[in-house]
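Engineer: Sharing a sequence plus its predicted fold:
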Amino acid sequence: MNDLLNSIVSNSTIKMTAPIMKSKVYGKKDMAPTQVPMVNVALSGRIDGGLTPGLLVLAGPSKHFKSAFALLMAGAFMKRNPDAILMFFDAEFGTPQAYFESFGIDMERVAHIPITDVEQLKFEMMQQLDKIEPKHHGNIVMVIDSIGNLASKKEVQDSLDGKSVADMSRAKSIKSLFRMVTPHLNLKDIPLIAVNHTYQTQEMYSKAVVSGGTGIMYSADTVWIVGRQQDKVGTEIQGYHFIINIEKSRYVKEKSKIPISVSWDSGIMKWSGLMEVAEKGGYLRKPKVGWYEALDPETGVILSEKLMRAKEIVDNKDFWLNMFEETNFGKYIKDSFTIGASGAIMRDDEVSPEVIDELIDDSEE
């Protein structure tokens, strides 16, 4: 069997063909963790996970923090890889330098690439990906801001020609774009974060759908649809609670909802989202209305010396680090969100030949 395997590998016309356990492109991917644990959970199902190579789509209406999430993750990748370059494909031209710097992105390591239509983006990306040498694999992160704002070349030309006909080519061009670039991303260890829009369906119970056709959904490794709620004190808005809805993922259970809070005063609340999970898992309980105490649900041991209000917990670094150290809260999160964490995808039950014969006989009857 090994001789046959080696023969297949040696006869292959593809340079990267190898026994799967020795493959350079198969298996566990390196993860770049962000500073926000629940963003890491949304990416990988684990608080110590993060951004991986492949296509990540961040979809949602305007002003839903999508560009900020993209830069947060790109900054984390660049921090983990000190020689990494960010290729920023810009179709909106609304991201100021201060935005990049707030996420720790060195502007000297950013290539700004202005884009005006889908076809231009496709040609530029393929030219760049084709010329990336093996020594640079894993040292590039890409952001498109945004694919939802790009017209097709036909739509632009029709406008110049004074035509107002419907454009049926855009979805095909977007599908072609991602169909071509996706293999390169995984082969060359490149994360691509594409910001996109959503639209509401016309059904009785309307739902948000990622714009741009089915091509994006087919090609993406991960798709988030971002929602938001106002964070109010009385009538004054203090910030927003964003909800990351996992529409598609290789790692995280689909339809998971992960909350991340952003305050006008302090920006992203790094430890937000953990409180909701801790309550659900029994790591936080309310002995009296409006007050909480922390405990280890396995032993029943109370971890907090006194009762606390929610505002004392939600973004308290020391509280959460102690929770992870003193309990199995990290494992609980992984088991709650990761695909396949709670068991095998296919059960290993043995079925006797006699039972199979009976099933065949029953089906024939």
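Structural biologist: Nice, I can see it.

Engineer: Please give me every residue in contact with residue 316.
Structural biologist: The contact partners of residue 316, by C-beta atoms under 8 Å, 6 or more residues apart in numbering, come to residue 271. C-beta: built from backbone N, CA, C; applies to glycine.

Engineer: how much space between it and residue 269?
Structural biologist: 10 Å (C-beta to C-beta, to the nearest Å).

Engineer: before we move on, what about residue 253?
Structural biologist: On the measure of C-beta to C-beta, residue 253 and residue 269 end up 24 Å apart.

Engineer: Those two: who's more crowded?
Structural biologist: residue 269 (19 against 15; other C-beta atoms under 10 Å).

Engineer: my guess is the more buried one meets residue 263, correct?
Structural biologist: Yes. Here residue 269 reaches residue 263: they are 6.0 Å apart, a contact under C-beta atoms under 8 Å.

Engineer: Can you point out the buried residues in whichever helix in the chain runs longest?
Structural biologist: Once the chain is assigned using DSSP state H, the helix that runs over the most residues is helix 170-187. If you call a residue buried by 16 or more other C-beta atoms under 10 Å, then helix 170-187 has these buried ones: 170, 171, 173, 174, 175, 177, 178, 181, 182, 184, 185, 186.

Engineer: Quick one: those as JSON lines, columns for pLDDT and distance to residue 297 too.
Structural biologist: As requested, those are exported to JSON lines (pLDDT from 0 to 100; distance: C-beta to C-beta, whole Å):
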{"residue": "170", "pLDDT": "83", "distance to residue 297": "51"}
{"residue": "171", "pLDDT": "84", "distance to residue 297": "48"}
{"residue": "173", "pLDDT": "89", "distance to residue 297": "52"}
{"residue": "174", "pLDDT": "90", "distance to residue 297": "46"}
{"residue": "175", "pLDDT": "91", "distance to residue 297": "47"}
{"residue": "177", "pLDDT": "92", "distance to residue 297": "47"}
{"residue": "178", "pLDDT": "93", "distance to residue 297": "43"}
{"residue": "181", "pLDDT": "94", "distance to residue 297": "45"}
{"residue": "182", "pLDDT": "93", "distance to residue 297": "42"}
{"residue": "184", "pLDDT": "94", "distance to residue 297": "45"}
{"residue": "185", "pLDDT": "94", "distance to residue 297": "40"}
{"residue": "186", "pLDDT": "90", "distance to residue 297": "39"}
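
Engineer: Output the contacting helices and strands for the helix or strand just after the longest helix of the chain.
Structural biologist: The helix or strand immediately downstream of helix 170-187 is strand 191-196, counting by DSSP states H and E. If you count contacts as 3 or more C-beta pairs under 8 Å, 6 or more residues apart in numbering; DSSP states H and E, strand 191-196 packs onto strand 54-59, helix 66-80, strand 140-145, helix 170-187.
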